[in-house]
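# Below are the sequence and a predicted model for it; my questions follow.
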Amino acid sequence: MDFEDTPQEAAFRAEVRTFLAANAEPKKRGVPGRARHVGAEELARAKRFQAAKHDAGLVGLTWPKEWGGRELTQIFQVIYNQEEEAYAVPRGVFEIGLGMCIPTMMAYATPEQLRRYVPKALHGEEVWCQLFSEPAGGSDVAAVRTRAEKNGDTWTINGQKIWTSGAQFSDFGIIVVRSNPDVPKHMGLSFFFLDMKSPGIEIRPIKQASGASHFNEVFFTDVKVPDSQRLGAVGQGWRVALTTLMNERLAIGDVPRPDTEDLLELARAVELDGEPAINNVSVREKIADMHVRSQGLKYTRFRTMTALSRGQTPGPESSIGKLVNAAKLQEIASFGLDLLGSAGMVMDKDLSPMQAMFQEALLSSPASRIAGGTDEILRNIVAERVLGLPGDIRVDKDIPFNRLPSGKR
Amino acid sequence: MDFEDTPQEAAFRAEVRTFLAANAEPKKRGVPGRARHVGAEELARAKRFQAAKHDAGLVGLTWPKEWGGRELTQIFQVIYNQEEEAYAVPRGVFEIGLGMCIPTMMAYATPEQLRRYVPKALHGEEVWCQLFSEPAGGSDVAAVRTRAEKNGDTWTINGQKIWTSGAQFSDFGIIVVRSNPDVPKHMGLSFFFLDMKSPGIEIRPIKQASGASHFNEVFFTDVKVPDSQRLGAVGQGWRVALTTLMNERLAIGDVPRPDTEDLLELARAVELDGEPAINNVSVREKIADMHVRSQGLKYTRFRTMTALSRGQTPGPESSIGKLVNAAKLQEIASFGLDLLGSAGMVMDKDLSPMQAMFQEALLSSPASRIAGGTDEILRNIVAERVLGLPGDIRVDKDIPFNRLPSGKR
Amino acid sequence: MNFDFSEEQHQLRDQARRFLTEHSTSKRIRQVLDGVAPYDRAMWQEIAAMGWLGAAVPEEYGGAGLGHVGLCVLAEELGRALAPVPFSSSVYLATEALLLAGSEAQKDELLPKLVAGDLIGTLAWAEGTGNPDPARIKARVSGGKLTGVKWPVADGGLADIAIVVARDETDRIVLALARLGGAGVHPEALNTVDPTREQAKLSFDGVPVEVLPGDGWETLIQVLDRAAVLIAFEQVGLAQKCLDMAVAFAMERHAFGRPIGSFQAIKHKLADVYVATELARSNAYFGAWALGVGAAELPLAAASARVSATEAAWLAAKENIQTHGGIGFTWEMDCHLYYRRAKLLGLTLGSAPWWKDRVVAALETRNAA
Amino acid sequence: MNFDFSEEQHQLRDQARRFLTEHSTSKRIRQVLDGVAPYDRAMWQEIAAMGWLGAAVPEEYGGAGLGHVGLCVLAEELGRALAPVPFSSSVYLATEALLLAGSEAQKDELLPKLVAGDLIGTLAWAEGTGNPDPARIKARVSGGKLTGVKWPVADGGLADIAIVVARDETDRIVLALARLGGAGVHPEALNTVDPTREQAKLSFDGVPVEVLPGDGWETLIQVLDRAAVLIAFEQVGLAQKCLDMAVAFAMERHAFGRPIGSFQAIKHKLADVYVATELARSNAYFGAWALGVGAAELPLAAASARVSATEAAWLAAKENIQTHGGIGFTWEMDCHLYYRRAKLLGLTLGSAPWWKDRVVAALETRNAA
């Protein structure tokens, strides 16, 4: 057991460090997470950084050399991400395009299309988004209602997508739609890529419960897409969508804040019964409980990285990270507020200890138990794919989609 | 809001107190729960007490006067039970017979049978038991495999029942059996009462994980039962069984120990960091958490009693009592051991604080989360019958019983 | 055994439910959420007109004399409806403090106005972070004038009078009655996790006050105990409403061809919420009884009610969002309003650890007796 | 990044798994449970013959020199197999204490015998209830003779030697090496929640002892930290075994026409057990690393591993019974053996609250540095 890089990994890490030192600013201490609001200036900066990263050969590390990749194992991507964590790098703009959309294109698009789209995506000239979720879908990702009807060589799309990150600044998108509602759910889907500037697309930001707006609703009214932009066969859209979902970015190192260290800092800063709260036995036990969860996840990631380093593919066990982190975040936030007594409710950067980090987390944390797979879906994944327990009883397998009970919501 | 009896209730309570003072010994402080081992002496004492109780008119309070009952509302039974709690009364011998078996007989047996069996049951001369559970059944009570085949006017029973309380000293039993395995599960059952001394019945005590033996396995080998002892129509056994289950004794006042007060006593008795553990903030929080659960249940029972007092029937909400108590018992026991440090493992009445009550509860508490409905079944009951949520998807409704998948256990 | 509300109290509840369903709508709550107004003045006036503000005030001071149990009934409904009015500050805190410790002159002057809704009152104990603790009180009354900074003060920006916990010249803790409209009082609105209930920082700079008779800290604790029972009813009302919303959504919303409420993950989650809510309700009932008859058990009953209700409201509010999924985390759905309020109510009289300690302290006192 | 066992260590694990599957059977464990023997002597001798007792002992003392990480591999398998042998007392406690603080003469004499299994050792720190605390140590060494009462002492009734925590004439805490066979030592078997691991009360009445060099308390803490990592591996092995049993049962057992493992109530319960076990495993790995390289992080790593593993083992053991239902609570099923052992392991080095405090103390030290 050791925590050392192999010589090849060490050389790569040095290369990444050199690049980042020359092209990015180190993060400032105490600034939680990355900003997810992307304005015009942020977008321009992100594009410049992506171009530099591409020029440095640091984009598409695991991809074929044909597309500018380096055909490395996933551990190198992890190393890149680890190093980037220390820098205030504009992120979130290209992750979905390069992590999910372009890999799907590579599997299904024509060579001409790839030559047209891949280089610009890699270089950051064009941004992509992913249009899967729908209001009536939620955890049931295949319950797509957005319709696509074919007329000659053109498809007409009507419907609504939701929770689309980056739709407002994306140039292209990949979309899964229902091309045949008369067959069972998974069989009537088709998959396309499309121009996000097409007539009939309307993008509206969603205001979240926390007050922030990180996502969009996207409405489709008679949006035309040529059949040549179909990916996969008609009716095989679910299979294509699974390709996309398999490529979800390996979550590494994204520990939400406040975490244990922040709780420790808070407990040192405030008083309980006339002494620092850190001396309170109950507070200490809570910090210990949170610490062992945080550290347990950290070293679980190290075990995953070891597997990657040996060229193995990490399994669905990596899904425990979000499950644990999301609940922990809400628990730490709530506990932090309790520590402050009635002043815990105050969300004022000047008055609240630690710049109201705990209060903001209290309001945003419910989303982390839902987005990217609810707690319930993740437990199902662990139970079925890791432990091998049976799937839930499916009543929707053999019924035409348009005859499934759907409720009012 | 008040906690007073109505004049009629107060008069009845006085009557009960007079009876108990004359016929029973008050409980000794510090003796946890009631003994559930019933030997010959205990059985004789129980029968004597039951006869006295019957002679005093305190048996079958809610029953028709025809059978010696008093046609009172259920609150009077609750009052009787409350008062009896303070006395070291032999219990557990007649509860199942009078609470479940005889009410089922009353609903289905002939007048001649009732004249033969009911008075002796009420007076405590004959003891009854209930034979429903089977090794392969568990939570799925209707998954009965014990077979009954008819030949002329006689049924022959083969199979095995489990978790039968009191089988070893019972004179009669009620049993649900499978009379037709070729129809779906709930449709092929029939219901009988039988003589527990019949040839072919073998009773073996079950040793539980805690080391105690409160239950039996009962094996049936070619046991003959006349058709005249059938209760309800052939194939209607499930309906009869539901009658029995509806009559499960109203659980009231049976708070398992150790409870909050015991934890408080333990925390006063032992030291942490050189002072009584009760001064430890974390210990205090745990005691408070347990107290609000205990008291919440206590006052929930008071609300139920108010409904009973008004002549209303308590709903399935009373099932929360066992759900909360069982988990609380295991949590208190485990916490109590932790409080003692490494000596928490020691289960010695002389060495362990509070006569090893916590250690014994640690070992017995897993049963309380299972017996009488598992945590999981109880949550289903609350969700479906209280909150009105849909039942689980049933795959066993329309399939002949003998074609259901059954697994190896 | 009669451990339930009376027939009249059930009628009061029905009346309150009807009124609040009609008036305390999402739209009107969101006016306050969005900062259009610090509270719903029209609702306040109608509530006053119905006599709710004086439910537990004796008739001699203009109250309805329904007793505290009647007030508990109203509290549950106000909590359920997220009513955006300064009810708890003015009724549970200021009015109760005056009832307990006001001079006759103060009661005669102020209670009728509080009951009529013409005055809004509050109570200011906190001075920044921390739970109630006499050692933290730095505000001082000297020569009849109050100087100090109190925050957070519920409804401090809109109240007309405040009972302020302070020290007198001899360092004793006293309750000082301050009029908030005049010179020397500097209110500053605070941003909180729940903008539907106004909170302020109040700076006093030599403001003339009247000191209430009696031991200030003792009165404060009595007021907090009473308010804990009443807020517990608000929390129970809120928890029940969240459970109702979650159940209704789980019946309607379909996934994988079936209502999501048919999945055990949802069923058992909501069963747990039900259990927590029922335990909290029963603990709150005991608090109502103790409050109603002025029982010696009040400190234990109040602390138990608060601990239980704080847990239930938080669980119900967060799992209501979870049951709704993504849509439950949008601004336009009301789930977050309950989530915000649940946390606010759990903090407003001091947080759960402090009340847990009070539970055990009361148990110790009881067992020692 | 190489945060996994090596190829050789994986082979060691496979070998251990095979041996223990064959030998540490339910039948043989139940011989000890039923009191037929205080431990499985035959298994002990075979384990000694395979060199496991000296896995982390340098070759100069007859050890295998596999290092502590190798010992961690064995610990996981021993915990998984509920091996009814005094391994933890003799190896993690007595051997480690001698390695850390024994004189050269003591090491030369005793380590080879401990490695060979000819001597069984243990360490006696507790004197009744409470977690490790120098203030509780009353046993005293005076004039080279030990007097006092220690309990519970793991394997105290069968060990040949014990390292006893005591005070010397100057009240300093020392470790005293006592031979247990002779006069003045009165062992008394204790009934515990897990009879498969012998525990005793040892009364010393003027027993000649050798005092180990160095600060006794400091050495004790170092031994406890090391043992915490090793016991954490036993707990992880036990948790994983319980999870495996529960999953297998849930696949086989049918109710309502389907495997009970298809119900979300069971699926999600077992997913939670999996999560707790994986977190515990990862924390234990970090402990193994710290133990293996003698890192300064050992106190934090050890306390974290222990807290995490104690939680996982308890959860896995109790939910294994729950998953099995009634049959899981019968004497003849092995579920209760794991439940008993899980609680025993969670107490044997001091209970979770003490170790949680050590986690935070270590964090404070680290952050102060």
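Received the coordinates, thanks.
# Could you measure from the residue in the stretch 151-300 of chain A that chain D sits nearest to over to residue D:301?
As assessed by C-beta to the nearest C-beta, chain D sits closest to residue A:296 within the stretch 151-300 of chain A, at 3.0 Å. For glycine as for every other residue, the C-beta is placed from the backbone atoms N, C-alpha and C. Taking C-beta to C-beta, to the nearest Å as the criterion, residue A:296 is separated from residue D:301 by 12 Å.
# Next, the contact list for residue C:32, please.
Residues counted as contacts of residue C:32 (C-beta atoms under 8 Å, 6 or more residues apart in numbering or on different chains) are C:38-40, C:84, C:195-196, C:198.
# what two of those are the furthest from one another?
Taking every pair in these and measuring C-beta to C-beta, the maximum separation is 13.3 Å, between C:40 and C:195.
# Are whichever strand or helix holds residue C:341 and chain B in contact anywhere?
Following DSSP states H and E, the helix or strand that holds residue C:341 is helix C:335-348. No - judged by C-beta under 8 Å from any C-beta of the partner chain, helix C:335-348 stays clear of chain B, getting no closer than 13.9 Å.
# I'd like to know which elements that helix is packed against.
Other helices and strands packing on helix C:335-348, by 3 or more C-beta pairs under 8 Å, 6 or more residues apart in numbering or on different chains; DSSP states H and E, are helix A:320-339, helix A:357-368, helix C:26-33, helix C:216-252, helix C:298-324.
# export those helices to JSON lines and tack on mean pLDDT?
Shown next, in JSON lines, are these (pLDDT from 0 to 100):
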{"stretch": "helix A:320-339", "mean pLDDT": "96"}
{"stretch": "helix A:357-368", "mean pLDDT": "96"}
{"stretch": "helix C:26-33", "mean pLDDT": "98"}
{"stretch": "helix C:216-252", "mean pLDDT": "98"}
{"stretch": "helix C:298-324", "mean pLDDT": "98"}
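# Can you say which of the ones you listed is packed in most?
helix C:298-324 (a mean of 28; mean count of other C-beta atoms under 10 Å in any protein chain shown).
# Could you give the number of residues near the residue of chain C at minimum distance from chain A?
Residue nearest to chain A within chain C (C-beta to the nearest C-beta): residue C:257, separated by 2.9 Å. Residue neighbour count, defined by other C-beta atoms under 10 Å in any protein chain shown, stands at 21 for residue C:257.
# now it: how far from chain D?
As judged by C-beta to the nearest C-beta, to the nearest Å, residue C:257 and chain D stand 16 Å apart.
# That residue is in contact with residue A:399, isn't it?
Yes - the pair residue C:257 and residue A:399 qualifies as a contact (C-beta atoms under 8 Å) at a distance of 6.7 Å.
# any common contacting residues for the two?
Contact criterion C-beta under 8 Å, 6+ apart; residues bridging residue C:257 and residue A:399 by contacting each: residue A:185.
# got CSV for the contacts of residue C:32, with pLDDT, secondary structure and neighbour count too?
CSV is the format used below for the contacts of residue C:32 (pLDDT from 0 to 100; DSSP: H, G, I helix; E, B strand; the rest coil; neighbours: other C-beta atoms under 10 Å in any protein chain shown):
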residue, pLDDT, secondary structure, neighbour count
C:38, 95, coil, 18
C:39, 97, coil, 22
C:40, 98, coil, 23
C:84, 97, coil, 26
C:195, 97, coil, 22
C:196, 97, coil, 22
C:198, 97, coil, 27
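# How many neighbouring residues does residue C:369 have?
The number of residues packed near residue C:369 is 6, by other C-beta under 10 Å.
# Run the contact check for the lengthiest helix in chain A versus chain B.
For chain A, the helix reaching the highest residue count under DSSP state H is reported as helix A:281-309. Yes - Helix A:281-309 lies within reach of chain B by C-beta under 8 Å from any C-beta, at A:281-282, A:285.
# ok, so of those, who is nearest residue C:27?
Distances from residue C:27 to the residues of helix A:281-309 next to chain B, taken as C-beta to C-beta, are shortest for residue A:282 (41.9 Å).
# start to end distance for stretch A:224-237?
The distance separating the two terminal residues of stretch A:224-237, taken as C-alpha to C-alpha, to the nearest Å, comes to 18 Å.
# Pull out the buried positions in that stretch.
Taking 16 or more other C-beta atoms under 10 Å in any protein chain shown as the basis for neighbour counts, the residues of stretch A:224-237 that come out buried are A:225, A:229-232, A:234, A:236-237.
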